[in-house]
Structure formats: structure tokens, C-alpha cells
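**Student:** Following is a predicted model, sequence given first.
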Amino acid sequence: MATSSLPSPTSTNTQHVLARYQQIITEQRQIAAERKARGQRMPWIRGGLFLMLIVLLSLGLSGELFVGWWLPTLAVCAAFVYAVSHHRLLRRQQQDAELMAAVCQRGMDRIEDRWHTFARRGERFQDDDHPYAQDLDIFGQGSLFQLLHTMHTHFGEETLARWLCQAAAPDEIKQRQAIIASLVQHSPMRRSLEREGIRLQLEEEPQAQDLPDPEPFLRWAEGGAFLQDKPFLKYWIWISPLWVSVAFLLQQTTATISAAWWALPLFAQLLLAYGIGGNVVSILASVSMREKVFLLYASLFSVIDQEQTEENSPLHALQQQLRAQGAAPHKEMARLQKIIDMSDVRYSGLIHFPLNTIFFWDLHCLTRLEAWQHRVGPKVRSWFEALGQIEALCALATFAEESPEAVYPTFAQTTEDICFDAKDLSHPLLSRRSRVANDLRLDNQTPLLLLTGSNMSGKSTLLRTIGINATLAYTGAPVCATSLHLSPHLQIATSMRIKDSLEHGVSFFMAELYRLKRVLDLRQHDKPLFYLLDEILHGTNTLERRIAALGIIAQLLDSRSIGSVSTHDMELSEKCKRFQDKVRFAYLSDQIADRQMRFDYKLRQGISPTTNALKLMEIVGIELPDGAHSW
């Protein structure tokens, strides 16, 4: 079981990523400063052009200017419109640069171990009954989810959380590995996607802690239509205005018919338009309110769709998935935006009343809106599900880019070959400066690693290192190792952080028994078990603990499973020798010098020859009575 240290952040590969991030930050901050300076001059330019326009109009309309005065007036008006548009562009470019710098700063924070301050930690996905998520720090403060997080939609977060909690099938893992490797080469797109995600959250609610939720709009898009059971209205809103218009023209030009031919139908239109107008306006207002959040996502879809890809690349396949059965999502969203803009005429009373009375404006807008709903609505949720997958894949690709020392695991070809074989395995949540890598192997011949060692020597961390890298492997991500070969169908199950419960009247020991029972029950499943048990049954007396622990270990060794068990109990370790070659013994040691404990976290073969509980008591100042060592 060899041990080595992984490259530090000063290694060539990681340093290259840091340098690239720093270069982008410097460039983008320069752009932001330049756009801000130019933007600060624009109000003066706009104000000057506006005053010139007022002066020209005043003098021109009073007749005090030359005959062609309207030409320079039009030129000044065009210049004013351009200045307004250009000012808006400068502000957008400034925000683009600031957000891109923020994205790269987050990347540097991840590499330099400052990611623990990131706000999105995935607490809403925590499940105390999950086989391993709580023990392996999948969610919560200092979690794998917090480290990986680059998503800015609920769908992206939910997709990544699901992948971290549920192992993918082998074919799916291979597909994800290919896509992630491809996305590593599309770092500008990934950064742009994250930038647009941050902008989305800022535009929806700058101080909000939660992500904008398109779910209310999705429910409308998938729901029923108001005009669905009113087909006569779809024809009447065309026929009646045409009748009124023709009758009015005939009455005005030929006087062959009376005004009643158009006045009575117009009055009927008025009654119809405003008789059901409350329902129509309510629907338009509701959709308009909901679509504001929905349309914020258009820029994310646009970033994905406009990325240049090769026809047979994995990313191209994802783009085609979004374009399936119609135009790209952001183009369909632009069409919806035009419909909503047309319906917003109802807020201009002087224009809306004649348009709605004569031409059924609101009903025409609703007809177009529900036509969009019928044509596009069934596909909208699949857009967001695909966006969630792409965001999750981009998060894993960012992890791969920022962890150049990580490798993609390989998988055994048969289900009978149960193994976990790692070289230079280390913990991704630990600082790169302090990680210590270890080699270990578990297989059919030697399925159990019995881990011993003194307090604080790193036994629990090593178990979590094994489990969290297995989780990454089954997600499709690279792992923190120089190589990892494992079985494709292992069920990860852990028993590490045990909590008693006053509310439910469950003691620490009973809580651990319930957890161990769940682990043992997984042996009945078709997939082999991968167990990680920390300080097994340390909540009861020594004699019964050893008997119970040996019984549990015997059951695990008698099943299709591999795993590791840690213990302080040296006697238990000695008794496990009865299992012969099925158990591999390893330990983590410590050294005490100048009343200081030092740990190298290196895995050594055998059973730990030392303990340190009494030494630790002495170091912290707890004195034992004379002769206590002979008790």
C-alpha cells in the first residue's frame, strides 16, 4: 500500500488554470472599467442631443429656421436614439465583463480552497435515510455539491443532486465521461453559461437567495387552453370586424346602407370583447407575469445553441436534443416575447379601447398565445430538463478542468469481478496543499480492509475518501487519483456519523444498529455491496461489541460485497485474523514530539502497534491519578 502526495496548486497544470483565470479577470475588469468610463459620458451626450432636438423643433415650428430645418432635426433625433441604444449596450457590456470576472474568481476560489463560502450547498437535498450522502458530505457546508456547484437553475441543481445520490448505469457513465471530456474543451461556453446564470438571478431578484423558478409558467404551458372549447370565437373575431369595416366603408362612401349595419355589430363586439374580457385579460396578465421568469432563461439556451461544435461531438448531440421538433428554445422564447409585447397594449387605454372594440385585440393576442402553447408547450419542460443535464455536465467538466491531476475511472467488464483498485487516491474536499494520497485494493479474494489507528490519525477521512471518489466515479466525473478501477454496479452504503434522537427515543447504540441493519439489508439486492463502516459498534461494552462486530463482519464476508471497517479495538483486529486472506489489515500511525501530535496519514500494512488516548489526555492537561496505568 504505497503512499504519495498529489501535486499542489503550484504544480504546472493547476498553475496554468490559475494563470488563465487571472488573465481573464484582468482583461474583463479592464473592459468593465473602460465601458463604465464611456457610459458615464453618455448622459451628458444624451442630454445635449435632447436639448438640441427641443431647440430645433421649437425654432422650426415657429418658422424661424430655414426651409429644410427638418433634415438636421431628423439627424439629431436619430443621433439621440442611437445614443440611448449605445448607452444601453455599454451598460450590458460592462455587466458582461463584471460577471465574467466573477465567474473566473469563483474558479480561482475553488482551486485555492476558498469555495467553502459559496452560498449554494444543497441542503434541500439532504436525506438522513440515504445510504451514504450524509456520511460522505455530499450536501451541506463543505460538501461535494458546494464544491461542484456552478448551476443557476433548479433543474441543474436537481440533476446534479440526483446523479450524486444514484449511481448511473455503465453505458450512461461512459456517455457522461465522453461529454464531460468534450465540455472541458469548451471552457468559454461553460463560463458564458455560468455568467448568464448569475445575470438571470440578478435580474429576477438581486437580493434573493433562491433561484428563479419557471415552474408556474411550465404548468401553464402544459395546461389547457381557454379557447380550446370555444372554436366559434376563433372565427368570429375575424368575421365580425371584417363585417363592421366593410359595412362602415359602404355606408360612408355609397350611402346605400344605414349605419345600423355596422353600429349594431360593433355594439355586439363591444359586449363580447368586454363581456369575456375579464377572463381574457386575467389569462394574459397571468401568463405575462409568469413568462418574465421563463424568458430570463433564453440567454442560457442561446449560449448553448450558438456554440460552434463538430457534427459528431457529444455537445452537438445535446444541442440537437434542444432543437428537436422545432426551432431552438431561445428563438421560440423570442416569438413568445413578441406575443406578450402585443398583449401589453392593454395598459395603454387610449389605444387599447378602439383596438379591442373594433378588432378584438385581446382575443387575437390570446389566440396567438394559445397557438404557441399548443405548438411549443409540450416541449418546454424537456428543454429545462436538457438544460439541467447540460448544467450538471458543465459543473463536472469545470471540476475536471480545475483538477488536472484527476483521472477518469475504468470499470470491470463483468459483474462477477467485484473490485475497487485505486492508486494515489485522495479526498477532493481537502486542501490541495494538505492532501495525502494512498493506494488500496479490494477484490473478491480480499474483500475487507480492516483499518486501525490511533485517534485523529485519519481513519474516518480515508473511509470518506474511498466513498466520495466512488460517488464521483458513478456520476461520470473524474476522480482524485492517478488510476481507479472498480466494479460498475456497487451499492455504496456507510455507517459513520451516527446521531441519537431524544424526539424518537433512540439511543446512540440503537441508532447505529438501525444504520447497520440497513447496510446489511442491501446484501439482498442484485448489485454487490460496497460498505464503509467507521468505528463499528463503539456505543456498547467491549465484550459484546467484539462479538457483535465479528458477527457483522462474518455476514459481510459471506456475501457479494467489498468494503472497509475501521476500529480502535486492537483485540477485535486480532480476532479478525480468523478470516485469513479475506481480510487485509492496514493502519494509520501518529508521532508525538514536544507534546505535539503529528500525523502523516500514510497507510501501512498490518495492525496499528500504538494507541494515543492517554497521551492526548496528558497533552490537553487531564492528569491521571498515580498508579492509574496499573489499574
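**Tutor:** Sure thing, it's come through.
**Student:** what about Arg176, helix or strand, and which?
**Tutor:** helix 170-184 (DSSP states H and E).
**Student:** I'd like the next helix or strand past that helix.
**Tutor:** helix 187-204.
**Student:** okay, the angle between that following helix and helix 170-184?
**Tutor:** 90 degrees (axes from the mean of the first three to the mean of the last three CA atoms, to 10 degrees).
**Student:** Buried residues, the helix holding Arg176. List them.
**Tutor:** 170, 173, 176-177, 179-180, 182-184 (16 or more other CB atoms under 10 Å). To be clear about C-beta, it is placed using only N, CA and C from the backbone, and glycine gets the same treatment.
**Student:** which strands and helices sit next to that helix?
**Tutor:** helix 314-323, helix 361-402, helix 459-475 (3 or more CB pairs under 8 Å, 6 or more residues apart in numbering; DSSP states H and E).
**Student:** Report the angle between it and helix 361-402.
**Tutor:** Using the same axes, to 10 degrees: helix 170-184 against helix 361-402 is 90 degrees.
**Student:** what's the domain layout of the protein?
**Tutor:** According to automatic domain parsing, the chain comprises the domains 1-112, 215-402, 410-624.
**Student:** Nearest residue to Ala169 in space, ignoring adjacent ones along the chain?
**Tutor:** Pro488 (7.9 Å; CB to CB, 6 or more residues apart in numbering).
**Student:** And that neighbour, its phi and psi?
**Tutor:** Dihedral pair for Pro488: phi -80, psi -10, per degrees, to the nearest 10.
**Student:** Would you check that it makes contact with Phe411?
**Tutor:** Yes. Proximity of Pro488 to Phe411 meets the contact threshold set by CB atoms under 8 Å, at 4.2 Å.
**Student:** The two: who's more crowded?
**Tutor:** Pro488 (22 against 18; other CB atoms under 10 Å).
**Student:** so which of the domains of the chain comes closest to Leu148?
**Tutor:** domain 215-402 (4.9 Å; CB to CB).
**Student:** Do me a favour and get the end-to-end distance for the closest one?
**Tutor:** 33 Å (CA to CA, to the nearest Å).
**Student:** what do you get for stretch 570-588?
**Tutor:** 13 Å.
**Student:** Tell me which residues of it come out buried.
**Tutor:** Buried residues in stretch 570-588 (16+ other CB under 10 Å): 572-573, 576, 579, 582-588.
**Student:** on that earlier part again, for Glu157, find the nearest of the domains of the chain.
**Tutor:** domain 215-402 (7.9 Å).
**Student:** and for Pro488 and Phe411, which residues touch both?
**Tutor:** 170, 173 (CB atoms under 8 Å, 6 or more residues apart in numbering).
**Student:** Need the winner for burial among the helices and strands packed on helix 170-184.
**Tutor:** helix 459-475 (a mean of 24; mean count of other CB atoms under 10 Å).
**Student:** The nearest residue in space to Glu416 that is not next to it in sequence - how many residues pack around it?
**Tutor:** Distances taken as CB to CB, 6+ apart put Asn444 closest to Glu416, at 7.9 Å, once the chain neighbours are dropped. Counted with other CB under 10 Å, residues neighbouring Asn444 total 14.
**Student:** what angle separates the helix holding Arg176 from helix 459-475?
**Tutor:** Going by the same axes, to 10 degrees, helix 170-184 makes 90 degrees with helix 459-475.
**Student:** could we number from 13 for the rest of this?
**Tutor:** Let's use 13 as the start, then, which means that last one is helix 182-196.
**Student:** Only alpha carbons, please: show helix 182-196 as CSV.
**Tutor:** Output of helix 182-196 as CSV, limited to C-alpha atoms (Å, rounded to 0.1, in the frame of the first residue of the first chain):
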residue,chain,number,x,y,z
PRO,A,182,-22.3,1.7,-17.0
ASP,A,183,-23.3,2.9,-20.5
GLU,A,184,-24.6,6.1,-19.1
ILE,A,185,-21.3,6.6,-17.2
LYS,A,186,-19.3,6.2,-20.3
GLN,A,187,-21.5,8.6,-22.2
ARG,A,188,-21.2,11.2,-19.4
GLN,A,189,-17.4,10.8,-19.4
ALA,A,190,-17.3,11.5,-23.1
ILE,A,191,-19.5,14.6,-22.8
ILE,A,192,-17.5,15.9,-19.8
ALA,A,193,-14.2,15.4,-21.6
SER,A,194,-15.7,17.3,-24.6
LEU,A,195,-17.0,20.1,-22.4
VAL,A,196,-13.6,20.6,-20.9
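**Student:** just the strands in the stretch 113-262 of the chain please.
**Tutor:** Using DSSP state E, counting those that start in this stretch, no strands are assigned anywhere in the stretch 113-262 of the chain.
**Student:** can you give me the helices for it?
**Tutor:** 156-160, 166-177, 182-196, 199-216, 227-233, 243-265 (DSSP state H, counting those that start in this stretch).
**Student:** Considering those, which stretch scores lowest in mean pLDDT?
**Tutor:** Lowest mean pLDDT within these: helix 243-265, at a mean of 78.
**Student:** Correct me if wrong: Ser300 contacts Ile352.
**Tutor:** Yes. Assessed by CB under 8 Å, Ser300 is found in contact with Ile352 at 5.3 Å.
**Student:** coming back round to it: and of the domains of the chain, who's closest to Gly134?
**Tutor:** domain 227-414 (11.7 Å).
**Student:** to the chain's geometric centre, what's the distance from the closest one?
**Tutor:** 29 Å (CA atoms, centre = their mean, to the nearest Å).
**Student:** any idea how far Arg41 is from Thr483?
**Tutor:** 37 Å (CB to CB, to the nearest Å).
**Student:** actually Leu569, not the one I typed
**Tutor:** 24 Å.
**Student:** Identify, by residue count, the longest helix of this protein.
**Tutor:** The longest helix of the chain (DSSP state H) is helix 24-73.
**Student:** average pLDDT across that helix?
**Tutor:** Helix 24-73 carries an average pLDDT of 89.
**Student:** Distance from that helix to the middle of the chain?
**Tutor:** The answer for helix 24-73 is 32 Å, by CA atoms, centre = their mean.
**Student:** Against which helices or strands is it packed?
**Tutor:** Right, helix 24-73 is packed against helix 82-123, helix 373-414 by 3+ CB pairs under 8 Å, 6+ apart.
**Student:** Out of those, flag the one nearest Gly618.
**Tutor:** helix 373-414 (35.4 Å).
**Student:** Next SSE downstream of that closest one?
**Tutor:** In N-to-C order, the element after helix 373-414 by DSSP H and E is strand 422-423.
**Student:** strands paired with the helix or strand just after that following strand, and their directions?
**Tutor:** The helix or strand immediately downstream of strand 422-423 is strand 431-437, counting by DSSP H and E. Sheet pairing of strand 431-437 (DSSP bridges) gives strand 449-455 (antiparallel), strand 495-498 (antiparallel).
**Student:** What residues of the first one count as buried?
**Tutor:** Neighbour-count burial for strand 449-455, with 16+ other CB under 10 Å as criterion, is recorded at 449-454.
**Student:** same deal with stretch 137-145?
**Tutor:** Buried-residue list, stretch 137-145, by 16+ other CB under 10 Å: 137-138, 142-145.
**Student:** got it, and stretch 240-247?
**Tutor:** By neighbour count on 16+ other CB under 10 Å, the buried set for stretch 240-247 is Leu245.
**Student:** Quick one: residues in contact with that stretch.
**Tutor:** 239, 375, 379, 382.
**Student:** Surely the residue nearest to Glu428 and Asp433 touch.
**Tutor:** No. Under the criterion of CB under 8 Å, Asn456 makes no contact with Asp433, lying 11.9 Å away.
**Student:** Quick check: Phe260 vs Ala87, distance?
**Tutor:** For Phe260 relative to Ala87 (CB to CB), the value is 41 Å.
**Student:** Same check on Val491?
**Tutor:** 65 Å.
**Student:** Settle it for me: which of those two has more neighbours?
**Tutor:** Ranked by neighbour count (other CB under 10 Å), Val491 and Ala87 place Val491 first, with 24 against 13.
**Student:** Thanks a lot, see you next time.
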